[in-house]
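Asks: Predicted model, plus sequence, below.
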Amino acid sequence: MENNSNHFFSAEWLLELYRTNKRILHIVLIISIVAFSVIAIILPSEYRATVILFPASNESASHTLLSVSESSKGLSRFGETEEVEYFLQVLYSDQIKDYITKKFNLYEHYDIDTNELYPKTKLSKKWENNISFRKTEFLSIEIEVFDKDPLYAAKIANTIADYSDTLYNKIKHERATKAFEIVKKEYLDALNEVQKMQDSLQKLRELGVVNYEAQSEVYSDAYAQALAKGNKEGAKAIEEKFKVLAQYGGTYQMFDEILTNESKRISELKQKYLEAKVDAEQYIPYKFIVSRAEIPEKAYYPIRWLIVVGGVLSTLILTIFLLAFLSQKKKSIFQND
């Protein structure tokens, strides 16, 4: 039995099998070459286009441009893991798929009849098979697009990269705009209140109330001197001023203190207002494109020669196994007879 197993599939045995089945093997070889060549030709070509990009730092433009803090990363810094994950979520969003579907008319391009059952499901399967996004080991993002048309493959990949940045900006801009409106209202309301207080102080100044403490001290000295000199008219005039100061001095002092505190608050609000204004009005790219997609010159798959060679070899091996099985079966029948 051991001798038979060693003899089985030896070089001598294979040569003997070839001599006895030369005609069959030649026919199988020719048919398999023709068949797999036709299959390789019939299979549609798929072209591959890729974009490599780095998400930018997620830090706001206002914090980078207006802040004096040394902790600012800067707008020219690449994003880290968190920014990459955020950007991937944008790429996987329905807004991206809907925009690309509409722009490139993917239903027609993928030969999907919208009147048939489940056209959106069919489109989603095509999208998942042809378009993918992945995080690389260098914290960049690869956008990969396969398509039967090389021009479409490149255009879709580049458009996804460009629109993803637009969408990312749009999402951040919507939030920044709402924040800006809130800060703007608070800032303008504070300015309006300060203006009202300044107008009130101006009216008090017109009445002669300028500085409560300083005026009280000056009036007291002047009144004492007038009395000492026997200047009744001067003393009476000072008394009138004292009455005005007594009536409006407290109000003036209150407004002055409030105005001092509000000035500090307005200074802080102004900084927030300027930062919110920058975030709401400026569109800054949130990506760095390292490599844009170019129109591929050669099909990525199928690899036609590999299909032919692999198909022919597998067919020949299967044929040899079948012939060996039949040969052994014949021998066993003859031995039994």
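Replies: Thanks, I have the structure now. Numbering: from 1, shown residues only.
Asks: Show me the strands in the stretch 51-200 of the chain, by range?
Replies: Taking DSSP state E, counting those that start in this stretch as the criterion, the stretch 51-200 of the chain contains strands spanning 131-135, 141-147.
Asks: got CSV for the ones you listed, with mean neighbour count too?
Replies: Backbone N, C-alpha and C define where each C-beta goes, glycine included. CSV is the format used below for those (neighbours: other Cβ atoms under 10 Å):
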stretch, mean neighbour count
strand 131-135, 16
strand 141-147, 21
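Asks: so where is the stretch 201-337 of the chain shaky, pLDDT-wise?
Replies: 211-213, 217, 219, 223, 238, 242, 245, 331-337 (pLDDT under 70).
Asks: and residue 169, what does it touch?
Replies: 283-286 (Cβ atoms under 8 Å, 6 or more residues apart in numbering).
Asks: quick one on the thing from earlier: would TSV of the strands of the stretch 51-200 of the chain with mean pLDDT be doable?
Replies: Formatted as TSV, the strands of the stretch 51-200 of the chain follow (pLDDT from 0 to 100):
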stretch	mean pLDDT
strand 131-135	96
strand 141-147	96
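Asks: mind checking the longest helix of this protein?
Replies: Assignment by DSSP state H gives helix 150-206 as the longest helix of the chain.
Asks: what angle do that one and strand 141-147 make?
Replies: If you take axes from the mean of the first three to the mean of the last three Cα atoms, to 10 degrees, helix 150-206 sits at 140 degrees to strand 141-147.
Asks: among the strands of the stretch 51-200 of the chain, which is nearest residue 157?
Replies: The minimum distance between residue 157 and the strands of the stretch 51-200 of the chain falls on strand 141-147, with 4.3 Å, by Cβ to Cβ.
Asks: who's in contact with stretch 187-207?
Replies: 244, 248, 251-252, 255-256, 258-259, 262-263, 265-266, 269-270, 272-273.
Asks: Now do the nearest residue to residue 80 once chain neighbours are set aside against residue 220, distance only.
Replies: Excluding the flanking residues, the one nearest residue 80 by Cβ to Cβ, 6 or more residues apart in numbering is residue 139, at 6.7 Å. Going from residue 139 to residue 220 by Cβ to Cβ, to the nearest Å gives 74 Å.
Asks: Kindly report the same for residue 246.
Replies: From residue 246 to residue 220 the distance is 12 Å (Cβ to Cβ).
Asks: Residue 175 too?
Replies: As judged by Cβ to Cβ, residue 175 and residue 220 stand 59 Å apart.
Asks: Against residue 270, how distant is residue 34?
Replies: For residue 34, the distance to residue 270 equals 81 Å [Cβ to Cβ].
Asks: actually residue 16, not the one I wrote
Replies: Taking Cβ to Cβ, one finds residue 16 at 98 Å from residue 270.
Asks: How about residue 243?
Replies: Taken as Cβ to Cβ, the span from residue 243 to residue 270 is 40 Å.
Asks: And these two? Which one has more around it.
Replies: Taking neighbours as other Cβ atoms under 10 Å, residue 243 and residue 270 compare with residue 270 leading, 14 against 10.
Asks: on that earlier part again, return the alpha-carbon coordinates of the following helix or strand past the longest helix of the chain using PDB.
Replies: Per DSSP states H and E, helix 150-206 leads on to helix 212-229 as the next helix or strand towards the C-terminus. Provided in PDB are the C-alpha atoms of helix 212-229 (Å, rounded to 0.1, in the frame of the first residue of the first chain):
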ATOM      1  CA  TYR A 212     -19.300 113.200  44.500                       C
ATOM      2  CA  GLU A 213     -16.400 112.700  46.900                       C
ATOM      3  CA  ALA A 214     -14.100 115.300  45.400                       C
ATOM      4  CA  GLN A 215     -16.900 117.900  45.200                       C
ATOM      5  CA  SER A 216     -18.000 117.200  48.800                       C
ATOM      6  CA  GLU A 217     -14.500 117.900  50.000                       C
ATOM      7  CA  VAL A 218     -14.200 121.000  47.900                       C
ATOM      8  CA  TYR A 219     -17.600 122.400  48.800                       C
ATOM      9  CA  SER A 220     -17.000 121.800  52.500                       C
ATOM     10  CA  ASP A 221     -13.700 123.800  52.400                       C
ATOM     11  CA  ALA A 222     -15.300 126.600  50.300                       C
ATOM     12  CA  TYR A 223     -18.300 126.800  52.600                       C
ATOM     13  CA  ALA A 224     -16.100 127.000  55.700                       C
ATOM     14  CA  GLN A 225     -14.000 129.800  54.100                       C
ATOM     15  CA  ALA A 226     -17.100 131.700  53.100                       C
ATOM     16  CA  LEU A 227     -18.500 131.600  56.600                       C
ATOM     17  CA  ALA A 228     -15.100 132.600  58.100                       C
ATOM     18  CA  LYS A 229     -15.000 135.600  55.800                       C
END
